[in-house]
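> Need coordinates for the below:
(chains A and B)
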Protein chains: 2
Amino acid sequence: MQISPPVLRYVGLAKHVLRASRHYSTRFGYAHSRCLVFSNFGQPEKVLKLHSYSVPPPYDDIINVKFIASPINPADINQLEGVYPEKPEFTLELGTGDKSAVPGNEGLVEIVSCGSKVNPSIRPGQWAIMSGPNFGTWRTYAQAREANLILIPDKEGLSPIQAATVSVNPSTAYRMLKDFAGLEPGDYFVQNAANSGVGRSAIQIGRLWGLKSINIIRDRPGIEKLKEELRTIGGTEVITEAEAKDRRTMARITGGQPVRLALNCVGGESATNLARILGYNGHLVTYGAMSKLPFSVPASALIFKNIHCHGFWISAWSKENEATKSQMIRDILDWIRDGKFQDVPYEVTKWSEDTGLETLMEPIKRGISEYSGRKGIFLMEDD
Amino acid sequence: MQISPPVLRYVGLAKHVLRASRHYSTRFGYAHSRCLVFSNFGQPEKVLKLHSYSVPPPYDDIINVKFIASPINPADINQLEGVYPEKPEFTLELGTGDKSAVPGNEGLVEIVSCGSKVNPSIRPGQWAIMSGPNFGTWRTYAQAREANLILIPDKEGLSPIQAATVSVNPSTAYRMLKDFAGLEPGDYFVQNAANSGVGRSAIQIGRLWGLKSINIIRDRPGIEKLKEELRTIGGTEVITEAEAKDRRTMARITGGQPVRLALNCVGGESATNLARILGYNGHLVTYGAMSKLPFSVPASALIFKNIHCHGFWISAWSKENEATKSQMIRDILDWIRDGKFQDVPYEVTKWSEDTGLETLMEPIKRGISEYSGRKGIFLMEDD
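I've put the predicted structure just below:
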């Protein structure tokens, strides 16, 4: 969301002027924001442009914010490609020649200044994350309203990356473990794509809640090291897709204890196998389809094993559960502060005043290959 | 269940003796029961035999019952074939040379006589149906306990076929319409196999509850007559599988109102299409797989449309919901008495003292082709 600001474009201004204006000008109170924009859906390399615009001082209930860190999630890329059901609104508000939107759904901001009618508990220097999708987080400055933000009550003990990445991956894992199968300590869950951001979050939240996890990963070079790493963060068992298809593997692991929840981010045969692994009354929750293949559910698993299949989409959930979301974010941030929840590995792309389009494109291109496991994040740098 | 009776076999007795003994002998109080039995799973034609045994007078909490009507359901045939997860216990109780069991799960009985410790509200002449699966209903006389029976409080206004067929098809339709999607009057549901026993029950129960039904049937000769018939019993719309795949058909029917529940007894493409027809937050309930094909669920339907897929199995439900089941049976029987619920077409096979194996096999063979739509029922005849 961008609240129609008076538009000033800095095209043609000398670089030292741009630099000076990145912070709030004492004279006019305008900030200079740089952002990625797109005006048509398509391949990110073809549709993304770098754009500059000015952010005026806030008034009334407007809050001016500075972005600190903005992740690049698969959903952001799907949204650029136009294959995501939730589409941003293209507008002329940013002063682009064509109607455009800023991509990016997740991000961490610092409050810079507030309009006269903003809730006085919101103060400059505080951190906040986006309360919902479609804000457009791949930029350096923006204007928001209170409803767009979830304030982080205490930023002490948090790194920018930890705070910026809390609302998609750890939140997705948290809800899927909590909302579908009524798991109790000692219960098993199984997941594919266990090395993904959500997968690693589920391992750790599972451990914190006393759950036992069976973590399925694709075979790859150096797999023993990865298995050890996922066990170290709390995975009860880490096995390959091939091992997961062998009934003896499951019998050895669980000793016949039923698996009550399966988390599926792959689809195809891998998902069908999760349905087979699940016990009576089990729940299979799909949150992604990395293989791009649909999956078959045998009628017998539905009828005689009483398996239930669901989907989970954090964007839709967030819209309907604002208060619960704030509480969940606080829980996860507390775990991080207490050293109980480790970061998912992120690859940082620094975004400073003179960072060019080519550099900003690198993590996006990497993100198109969703299997890479190396998530990107923009880290905005003060000059 | 068969409570170990003293076994008398009538092999070699003259036919007039058998006839005379079919009713309770005044002298010894023994009844002569004829039954189908099987000792191995396999093709019904190969494994079924006709067998006779004697049923002694009841004692203690034993209730002697006479079968009036016993349907032949697809599940009974799958059970004979050994492809059903619930298997009967093979015993020597009936005096067969090999351990054997009586097939048939659904049936209507008349109370004949009661042991001294039977609840005095149970009296000769009353009707009852089986409370759960695996009783073995393809026979003429048996012994039971109170827990095996759901008494029909008032048989006035009911035909034997109506009472005998209430616990599988109408009950399955009733629960699926009630337990999954929280439907309210005016809501749409969609079903394939709409001409099946469950399908016709769902149409009628849907009408009684104010629901609007979209009923999908396979194209066939004389389809207009069948469409008219299903509309007459309450189907809001009746369409072919091909029509159901055309998005314009659905838009025309619902005018954009979301379809909240889908009932699937077919599988394969037909089921995947039901997932497409469902609206946001819809539930897809599978209770059969006539096509014998599993079905694919696109991840996008699960994640972005928040579709939930379940299975329903009346046998498992009945075991866990005895009290609720009795209330449901009373509801359905009341509708039948009030003329609000029509029989599903059944083809009657009369079973009298001298009916041979070949005659009894006919409806079973017909039932193997599950698509036939001509359900069979054994109607036991007094001589």
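> and the closest residue to chain B within the stretch 51-200 of chain A, backbone torsions?
Closest residue of the stretch 51-200 of chain A to chain B, C-beta to the nearest C-beta: A:Pro85 (4.5 Å). Bear in mind the C-beta positions are built from the backbone N, C-alpha and C, glycine included. As for A:Pro85, its main-chain torsions (degrees, to the nearest 10) stand at phi -70, psi -30.
> Just give me the neighbour total for it.
Counted with other C-beta atoms under 10 Å in any protein chain shown, the neighbours of A:Pro85 add up to 13.
> show me what contacts the closest residue to it other than its chain neighbours?
Beyond its immediate neighbours in the sequence, the residue positioned closest to A:Pro85 (C-beta to C-beta, 6 or more residues apart in numbering or on different chains) is B:Phe304, lying 4.5 Å away. Neighbour list for B:Phe304: A:85, A:311, A:313, A:316 [criterion: C-beta atoms under 8 Å, 6 or more residues apart in numbering or on different chains].
> The third one touches A:Gly288, doesn't it?
No: proximity of A:Trp313 to A:Gly288 does not meet the contact threshold set by C-beta atoms under 8 Å, at 9.8 Å.
> okay, and the common contacts of those two?
Any residue near both A:Trp313 and A:Gly288 by C-beta under 8 Å, 6+ apart counts here, and that gives B:Ile303.
> What residues does A:Val344 make contact with?
Contact analysis of A:Val344 by C-beta under 8 Å, 6+ apart lists A:165, A:169, A:197, A:200-201, A:375.
> and it, backbone torsions?
phi -80, psi 140.
> Can you read off the pLDDT for it?
In this prediction, A:Val344 carries a pLDDT score of 82.
> what's the distance between it and A:Asn169?
As judged by C-beta to C-beta, to the nearest Å, A:Val344 and A:Asn169 stand 6 Å apart.
> Need the overlap of contacts for the two.
A:197, A:200-201.
> In TSV, list those residues along with secondary structure and distance to chain B.
Output for those, formatted as TSV (DSSP: H, G, I helix; E, B strand; the rest coil; distance: C-beta to the nearest C-beta, whole Å):
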residue	secondary structure	distance to chain B
A:Gly197	helix	16
A:Arg200	helix	20
A:Ser201	helix	17
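> can you list the residues you listed in a markdown table and add neighbour count, pLDDT and distance to A:Arg145?
Rendered in a markdown table, the data for the shared contacts of A:Val344 and A:Asn169 read as follows (neighbours: other C-beta atoms under 10 Å in any protein chain shown; pLDDT from 0 to 100; distance: C-beta to C-beta, whole Å):
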| residue | neighbour count | pLDDT | distance to A:Arg145 |
| --- | --- | --- | --- |
| A:Gly197 | 24 | 91 | 29 |
| A:Arg200 | 27 | 96 | 33 |
| A:Ser201 | 26 | 97 | 29 |
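> What about A:Glu243, how many residues nearby?
Counted with other C-beta under 10 Å, the burial measure for A:Glu243 works out to 17 neighbours.
> Contacts only, for it.
A:Thr249.
> isn't there a strand covering it?
No: A:Glu243: not assigned to a strand; according to DSSP: H, G, I helix; E, B strand; the rest coil it is helix.
> Let me know whether A:Pro71 touches A:Leu108 as I believe.
No: assessed by C-beta under 8 Å, A:Pro71 is found out of contact with A:Leu108, at 9.1 Å.
> between the two, which one's more packed in?
More neighbours sit around A:Leu108 than around the other of A:Pro71 and A:Leu108, counting by other C-beta under 10 Å; the figures are 31 against 28.
> show me the contacts for the residue lying closest to that one once chain neighbours are set aside.
Setting aside the residues directly before and after it, A:Leu108 is nearest to A:Ala164 in space (C-beta to C-beta, 6+ apart), at 3.6 Å. Residues in contact with A:Ala164, defined by C-beta under 8 Å, 6+ apart, are A:68-71, A:106-108, A:129, A:377.
> Tabulate these in TSV, adding columns for pLDDT.
Below are those laid out as TSV (pLDDT from 0 to 100):
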residue	pLDDT
A:Ile68	98
A:Ala69	97
A:Ser70	97
A:Pro71	96
A:Glu106	96
A:Gly107	97
A:Leu108	98
A:Ile129	97
A:Ile377	96
